[in-house]
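> here's a sequence, model it:
(chains A, B, C and D)
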There are 2 protein chains.
Amino acid sequence: MNLTEAIKRPTLHEELVDRLRNLVVEDALKPGEKVPEKELCESFGVSRTPLREALKVLASEGFVVLQANRGARVATVTRQELENTFPVIARLEQLAGELACDHMDAAAVAKVEARHQEMVQAYQARDRQAYFQANQEIHQALIRGANNDILEGHHKLLAARVRRARFMVNLSDERWAEAIDEHERMMQKLRARDADGLGQLMKLHMMNKFAAHIKAIDDRSDNLGEG
Amino acid sequence: MNLTEAIKRPTLHEELVDRLRNLVVEDALKPGEKVPEKELCESFGVSRTPLREALKVLASEGFVVLQANRGARVATVTRQELENTFPVIARLEQLAGELACDHMDAAAVAKVEARHQEMVQAYQARDRQAYFQANQEIHQALIRGANNDILEGHHKLLAARVRRARFMVNLSDERWAEAIDEHERMMQKLRARDADGLGQLMKLHMMNKFAAHIKAIDDRSDNLGEG
DNA sequence: TGACTGAATTATGAATTCATAATTACGTTT
DNA sequence: AAACGTAATTATGAATTCATAATTCAGTCA
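Numbering: from 1, shown residues only, chains lettered A, B, ... in the order given. Next up is the predicted model:
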């Protein structure tokens, strides 16, 4: 055992990147808006240099777009981008499911079981907030259980990139019931340590989730007469 | 048709990020070395501000690691990281293969065919340089053919991250012959527009490539007595 | 009144400066 | 001579400054 663990104090730079990314993901900065450098500097109490460094990083992650001599704007997530991102996330989740079956220990599986029960209860109570929370924790636990930093990192970025889309659409009752059922089957595969099975289900679950998402967006567009 | 296409002059920032990343990928800056801020500033003719911005981006991409108050070092690609990265790339290639079958037009397929022939000829001439070149172009064309920017971007990053590993190991004659055979079968699937088939083969091809890679590394370690 | 011109203002990109942390060099002590 | 402690030097992170590009706004002319 190593007693001299490296001290992990987050640097100003990382801190700024995280805070800024959250502003975008949590929708405090709206898509298309220009990023108010000055105000952010004041509210964070830093000068422009570290803030701009953070913006460059966020740009490389796709959360903002830089326009030469015109600063940064919050990236808009287009329909096309959603459709491109979804399958990639689905494949990463598939891989994660396979690896998680092999790598998670009993304690980790038990934790997922617990979250799963919480999620089912949230569903029965029709508590969307609690449902989303438990749902996200389950997926995170499975990704984490895959024990693959690269996979986790890329998944995290992609998931954050489309998370904002969640604010846009409501989960239909029908889809909600389906999702619960899919999760139930996923748990069965996990208990049985059926790696390929869990992977397949997770991929399918994601693609279904995304299809419902896209459908909800389309329906709303129709209502607004946007073709 | 739009005659007023936006002028795409690469900004100093992007230019720097690309140049620096190339220094790492092409092994001009060796893993573990500290990044010589001063010299790079002089050789690029820029001040520290934009260079450091670029370093932050490279850090988020994983090519360098930042140590608080101790600057940047070129990231070392560990065995563990290779083993984590390979399966992720393989899944992305699988998805790319499936999408490419659906999206590539006849001209694009013809181009891949041509590169494939060049690659086979390079193999027959045992011209490793030409082989690697053609091989990479084929994979890039298939990824591009998937017509999915998100997929392409993440694949590009991951591929660049492990590309340096190519410098470390030699392709064995046995594996070389296998690889050619796998590519031949991939072409058949592409011609037949068998999306799932091509995806499966591309995943398999990647995993085989990586297994050979790992084996070569292990063999060399054995020779050096590194256990 | 509305579109155009050009000066004033502001925002942006990049260099420079400054405070501080880390490293090195040196002298002291045992 | 080796190890420790301290001063000098260097490197780093971040603020500030500066030159330039973009935007705004007032004034002019059709």
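
> any low-confidence regions in chain A?
A:1-10, A:166-168, A:224-227 (pLDDT under 70).

> looks like A:Glu81 contacts B:Asn148 (just checking).
No: judged on Cβ atoms under 8 Å, A:Glu81 makes no contact with B:Asn148 at a distance of 9.8 Å. Quick note: C-beta positions are derived from backbone N, CA and C, even for glycine.

> out of these two, which sits in the more crowded spot?
B:Asn148 (25 against 18; other Cβ atoms under 10 Å in any protein chain shown).

> and chain A, which of its residues are near DNA strand C?
Proximity of chain A to DNA strand C, by Cβ under 7 Å from any atom of the strand, involves residues A:34, A:37-38, A:48-49, A:52, A:66-72.

> skip the chain neighbours and tell me the closest residue to A:Tyr131.
A:Ala122 (4.1 Å; Cβ to Cβ, 6 or more residues apart in numbering or on different chains).

> now swap in A:Ala130 and tell me
A:Ala122 (3.7 Å).

> count the residues that sit near that neighbour.
For A:Ala122, the tally of surrounding residues (other Cβ under 10 Å) stands at 19.

> secondary structure element for A:Glu42, which one?
Counting by DSSP states H and E, the element that carries A:Glu42 is helix A:37-44.

> can the longest helix along chain A be said to contact chain B?
When chain A is parsed with DSSP state H, its longest helix is helix A:195-223. No: using Cβ under 8 Å from any Cβ of the partner chain, helix A:195-223 never reaches chain B; the gap is at least 9.8 Å.

> do a quick rundown of the helices in chain A.
A:12-25, A:37-44, A:48-61, A:79-103, A:106-124, A:128-145, A:149-163, A:173-191, A:195-223.

> close to DNA strand D, is stretch A:16-28?
No: counting by Cβ under 7 Å from any atom of the strand, DNA strand D has no neighbours in stretch A:16-28; the shortest distance is 8.2 Å.

> buried set for that stretch?
Across stretch A:16-28, burial judged by 16 or more other Cβ atoms under 10 Å in any protein chain shown covers A:16-17, A:20-21, A:23-25.

> then stretch A:70-84?
Quick answer for stretch A:70-84 (16+ other Cβ under 10 Å): A:72-75, A:77, A:81-82, A:84.

> returning to what we had before: which among the residues of chain A next to DNA strand C count as buried?
A:52, A:66, A:72.

> how many neighbouring residues does the residue lying closest to the second one once chain neighbours are set aside have?
Which is A:Leu66. Nearest residue to A:Leu66, sequence neighbours excluded (Cβ to Cβ, 6+ apart): A:Ala59, at 4.8 Å. Here the count is done by other Cβ under 10 Å, and A:Ala59 has 19 residues near it.

> quick check, A:Ala59 in contact with A:Ala72.
Yes: if you go by Cβ under 8 Å, A:Ala59 and A:Ala72 touch, sitting 6.7 Å apart.

> residues that sit against both of those two, list them.
Residues within reach of A:Ala59 and of A:Ala72 at once, by Cβ atoms under 8 Å, 6 or more residues apart in numbering or on different chains, are A:65-66.

> and the most centrally placed residue in chain A, what is it in contact with?
In chain A, the residue lying closest to the centroid (Cα atoms, centre = their mean) is A:Ala159, at 2.9 Å. Listed by Cβ under 8 Å, 6+ apart, the contact partners of A:Ala159 are A:Ile89.

> next one: A:Ile138
A:112, A:115-116, A:119, A:183.

> any chance of TSV for the buried ones among the residues of chain A next to DNA strand C, columns distance to A:Glu42?
Below are those laid out as TSV (distance: Cβ to Cβ, whole Å):
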residue	distance to A:Glu42
A:Arg52	15
A:Leu66	21
A:Ala72	17
